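Participant: no FASTA, just this:
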């Protein structure tokens, strides 16, 4: 069937047509977020070759369950749950062709192409979005527990467990340690300054926590029960002290501590609210049905309104009915959002979260994560790669330059050395490039930066099959055979070497594909595609060119090779 | 017609001892060098954080280093990358004392140090890579596994297509190439990244390709020239494939040169490793694979290599005169 030139030309024609068809720019529907923040289906026309993240810019994240704070009872199930939640979130995030995929047993890979704000994307992926509503503590449990906590800390400090503590108490700090509550806002400022020092160096032996955790009344704040203030600079230190199990023991059962999500300015000083709350949540985000970002008509600040499902609404109504006059903290991922509002009457299914001092986009992202649901277990990023779009475009430009220069040199070498036969090889090389790209497009393979390098290199290597054949033909000619016979024998004898050497290269490329990640996988794919295309062009296409040539010039006495 | 080395009759096998000396002179110092200094693994393998930034003005690397030290990140590498105002900052391990998995924190701290030195908005982060040590370890393991397994796959394929002695000789030559390339990477202080591992594997494929071309000719000549010694057959095969080798290596080196010059910083190590690989691959096909094949043939002579022939051969005796005397005249 390959015997006649006509059939050969038909096959080559079909291959070319197939590749061109695969490469024709086509209209693709992409989902993207419009300027109004709503998802739209957009029509886009482009060449259907997929660029890897390193070429088009984007972000690659590998995530695992973070069991350092919360141990998963069933990691297999939790990773599946997390996968579903992430899919929903990313779907609404609005990037073209996002990838959310489980890799192995315990890892999720998220690939977002062409994003411009990586920090935002990371926040959306990592945010747990666990929403809770808790009533603030009215029993002054923390006030009562503080002296005991400080005693323990002092004991620990003597033992040297917390090496940073109780080293160099200054006079001011000792003074503060004894009476804090009575100071006016003037001295509190000084106290905060020294607290800053103490956070850096050492703490007071006489009541570390008592000196740092103040009642809002001390700085002229409001009267929310269970609300405390900590200077922002001392916040990390107090947080780590409070999380010590020895300290925690002093809190009565049913009471828990939560920090505010962001610092608050009182006068010129920055503070962080600390809340003592009833441990039992009145309702959680698992009862959430919908969430939307809006601008508060009164303050013009961003808010997220939410709606609970029927069961959640019933429970919420009952509980809030019981707690009229109390304050309710809205807690997202363990942090209290805004100052707890007072419950004025029974609340039904609808409520709102006020995001103090944040943008509308933040509110939209929060609404998005709330809608998609909470992650069962926090996720940690074990691998992150992020390439800016400009760097990617730069890489493509450089790759193309290298490709053009390299190809020009190869063409020069081939034509100068092999003359007309070299021209045939260059024609075949052109088809080789077409076949490789067509194959990549048809297989929906991804072109990466190493892949691009592999492609450029493969142009140099692709002529090898032609070189093998030409050299063989020359040898046969030197033996005194006729042109036609030499060409036939040349192709026949070179075949073994071509097949064996290419199979060996494909084998190494397959291992590269199996064990490589992202960009390197792309390299392996390009390499395999290139070898297949080079075999077809050298063995089949060049052969056909020769047949046509010899057919047209049967009386040719010297072969231009 | 132009034809380089058309009737070459070089005695490659005869001078193999000198070739061994040359390759030993490259590999042994290279490996000693490696033992002393170790390989320069990229953060993909060690775990850590990489930031590529493009600054508005040329940056004082010393000031950035001080700022990084102040943030608790010690021993970060700051490297100019491409243009004068582009830098790559590598922090190998996460901040001392912090959770080793938390490479994110390191990225934040590097950002803070950059803010203090360059000022916010005076630089653009072009590329970030943050790899936890666990993932790095897995990648390292995978890379070694890939190289190791591809070895056996090729051995098996060659054993199937030729016979086991050819496969063994090819694998010995490949092992030589990998050693030489690793020595090259060590001496050049190239960073061992995934892309470089990819280059090593491609180099393995390229070198094998070259070896197979010669072996294929050996197999053919063994059938054609039953009276010649094995050394003569090897010499004849290498000489006959020489024009092809020159051409293919020439075009490969042409594209690799283009890649090294125009391909950009990320691709340059790949091009350099492959560039070296073309040379070591060519060298090993001629001076390692072929003599090893001869040694194996002498140690384990067998009829399957070339049909019936006298097994005993004088090992080192080169016979350039005999092989040169008769012109190839078989039809």
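Facilitator: Now that the structure is in, tell me what you want to look at. Being a predicted model, the structure only gives us computed values, none of them experimental.

Participant: Give the full set of residues in contact with whichever residue of the stretch 51-200 of chain A sits closest to chain B.
Facilitator: Nearest residue of the stretch 51-200 of chain A to chain B: residue A:62, at 6.5 Å (Cβ to the nearest Cβ). C-beta: built from backbone N, CA, C; applies to glycine. By Cβ atoms under 8 Å, 6 or more residues apart in numbering or on different chains, the contact set of residue A:62 is A:103, A:107-109, A:381-384, B:135.

Participant: residues touching residue B:198, list them.
Facilitator: With Cβ under 8 Å, 6+ apart, residue B:198 has these contacts: A:450, A:454, A:512, A:516, A:520, A:523-524, B:270.

Participant: again, only using 7 Å
Facilitator: A:450, A:512, A:516, A:520, A:523, B:270 (Cβ atoms under 7 Å, 6 or more residues apart in numbering or on different chains).

Participant: Once you drop chain neighbours, what's closest to the residue of the stretch 51-200 of chain A closest to chain B?
Facilitator: residue A:383 (3.8 Å; Cβ to Cβ, 6 or more residues apart in numbering or on different chains).

Participant: what's the answer for residue A:87, then?
Facilitator: Closest to residue A:87 by Cβ to Cβ, 6+ apart is residue A:100, at 4.9 Å.

Participant: How about residue B:207?
Facilitator: residue B:281 (3.1 Å).

Participant: Just give me the neighbour total for the one you found.
Facilitator: 30 (other Cβ atoms under 10 Å in any protein chain shown).

Participant: That one sits in which helix or strand?
Facilitator: helix B:268-284 (DSSP states H and E).

Participant: what do you get for residue A:224?
Facilitator: Residue A:224 belongs to no helix or strand, assigned by DSSP H and E.

Participant: Give me the neighbour count for it.
Facilitator: With other Cβ under 10 Å as criterion, residue A:224 counts 18.

Participant: Got phi/psi on the residue nearest to residue A:58 when sequence neighbours are not counted?
Facilitator: Spatial nearest neighbour of residue A:58, chain neighbours left out: residue A:113 (4.0 Å); criterion: Cβ to Cβ, 6+ apart. The phi and psi values for residue A:113, taken as degrees, to the nearest 10, are phi -90, psi 140.

Participant: Tell me which residue is most central in chain A.
Facilitator: residue A:61 (3.5 Å; Cα atoms, centre = their mean).

Participant: average pLDDT across the helix or strand containing it?
Facilitator: Element membership of residue A:61 [criterion: DSSP H and E] is strand A:58-65. The average pLDDT within strand A:58-65 is 88.

Participant: Over to stretch A:310-319?
Facilitator: 87.

Participant: Helix or strand next in line after the strand holding residue A:61, which one?
Facilitator: helix A:75-93.

Participant: Just after that following helix, pick out the following helix or strand.
Facilitator: strand A:99-103.

Participant: quick one: that next one to helix A:75-93, angle?
Facilitator: 170 degrees (axes from the mean of the first three to the mean of the last three Cα atoms, to 10 degrees).

Participant: contacts for strand A:99-103?
Facilitator: Residues contacting strand A:99-103 (Cβ under 7 Å, 6+ apart): A:79, A:83, A:86-87, A:90, A:108-111.

Participant: Neighbour-wise, which one of the residues you listed leads?
Facilitator: That'd be residue A:110 among the contacts of strand A:99-103, by other Cβ under 10 Å, with 26 neighbours.

Participant: check which helix or strand covers that residue.
Facilitator: strand A:107-113.

Participant: I'd assumed residue A:311 was in contact with residue A:349.
Facilitator: No: counting by Cβ atoms under 7 Å, residue A:349 stays clear of residue A:311, with 10.2 Å between them.

Participant: So the two - more neighbours on which side?
Facilitator: Neighbour count, other Cβ under 10 Å: between residue A:349 and residue A:311, residue A:349 has more, with 17 against 11.
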